[in-house]
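Enquirer: Quick one: sequence and predicted model below, then my questions.
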Amino acid sequence: MYETMRGLILREVRYKESDRILTVLTDKEGILTMKARGALRKGSKTAAATQQLTWSELTVFENKGYRTVSEGVILEAFSGLREDIAALSLGAYFAEVLEAVSEEGMPDAAVLQLALNSLYALSRNLCDPAQIKACFELRLMSLIGYEPELTGCAVCGETEIESPWLFLQEGRIFCGHCREAGSLPLRSDTLAAMRHIVDSDPKRLFSFTLGKEGMAELGALTERYLTTQLDRDFRSLSYWKSVRDL
């Protein structure tokens, strides 16, 4: 049986001499594994459309639970990523995280749109890559059920907090009077940025400004929040850090 679906290629692995095994985040069925037979052969109709970090329309044949890509058309290549090793490695980090949190048979349009918007912003250099990374991390956590409670102090309810504190493990903020042991100090402008990331319209996700110190704090906190909630590290994140300043 043939079907057509759109998918973001999260991972590609060479198989035998000319095939690829793909991990694809699809619009219809969530994350899927499929084979692109002959994708590495010269003149292959699926070669370009089955590269990692490519958004493609795929014609897929399914037989006894196994899926094979027979044709592919590129919808968005995010070509700017191929021209910058730091951008490409950050995109690979996004892909590794998406693979970790996605499930087969559980499509999530909001998560897929976040992935595409983040890769587009990164490939077009629409803003600082560190800002795109922070937005991706915190918004993704919010979409998959780990949204932090940032409205006000978790104890007294105060919303206008001059010196907020963030408790990473539970995703809650406190004022200075109510803070719990183990919570981290947070700049007020960083808190405002976090609130924007969690609550903004998807089209305005990256539309905020933050000073150098605030951006550094935001990036460190969103990264720690993601790895704390998912309870794991990501090799691609370590690689991005090793090449971002080259």
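Expert: Looks like it came in fine.
Enquirer: In three-state terms, label S238 for me.
Expert: Recorded secondary structure, S238: helix (DSSP: H, G, I helix; E, B strand; the rest coil).
Enquirer: How many neighbouring residues does it have?
Expert: S238: 11 surrounding residues under other CB atoms under 10 Å. Glycine gets a C-beta too; all of them are placed from N, C-alpha and C.
Enquirer: What separation is there between it and D245?
Expert: S238 is 14 Å from D245, where distance means CB to CB, to the nearest Å.
Enquirer: got it, and D189?
Expert: Relative to D245, and taking CB to CB, D189 is found at 24 Å.
Enquirer: Those two: which is more packed in?
Expert: D189 (17 against 6).
Enquirer: Could you check which helix or strand contains the more buried one?
Expert: helix 188-199 (DSSP states H and E).
Enquirer: Now that helix: buried residues?
Expert: Residues of helix 188-199 classed as buried under the neighbour-count rule (16 or more other CB atoms under 10 Å) are D189, T190, L191, A193, M194, R195, H196, I197, V198.
Enquirer: just checking, next helix/strand downstream of it?
Expert: Next along from helix 188-199, by DSSP H and E: helix 212-230.
Enquirer: ok, and for that next one, which residues are buried?
Expert: Under 16+ other CB under 10 Å, the buried positions of helix 212-230 are 214-215, 217-219, 221-223, 225-227, 229-230.
Enquirer: Which helix or which strand is home to L166?
Expert: Per DSSP H and E: strand 165-167 holds L166.
Enquirer: how does the protein divide into domains?
Expert: Domain segmentation of the chain under automatic domain parsing yields 2-76, 83-243.
Enquirer: next one: the shortest one to chain centre, how far?
Expert: For domain 2-76, the distance from its own C-alpha centre to the chain's C-alpha centre is 20 Å (CA atoms, centre = their mean, to the nearest Å).
Enquirer: Likewise for the last one?
Expert: The offset between the C-alpha centroid of domain 83-243 and the centroid of the whole chain comes to 10 Å, using CA atoms, centre = their mean.
Enquirer: Check which helix or strand the residue most central in space within the chain maps to.
Expert: Nearest residue to the geometric centre of the chain (CA atoms, centre = their mean): F94, 3.8 Å. Assigned by DSSP H and E, F94 falls within helix 85-101.
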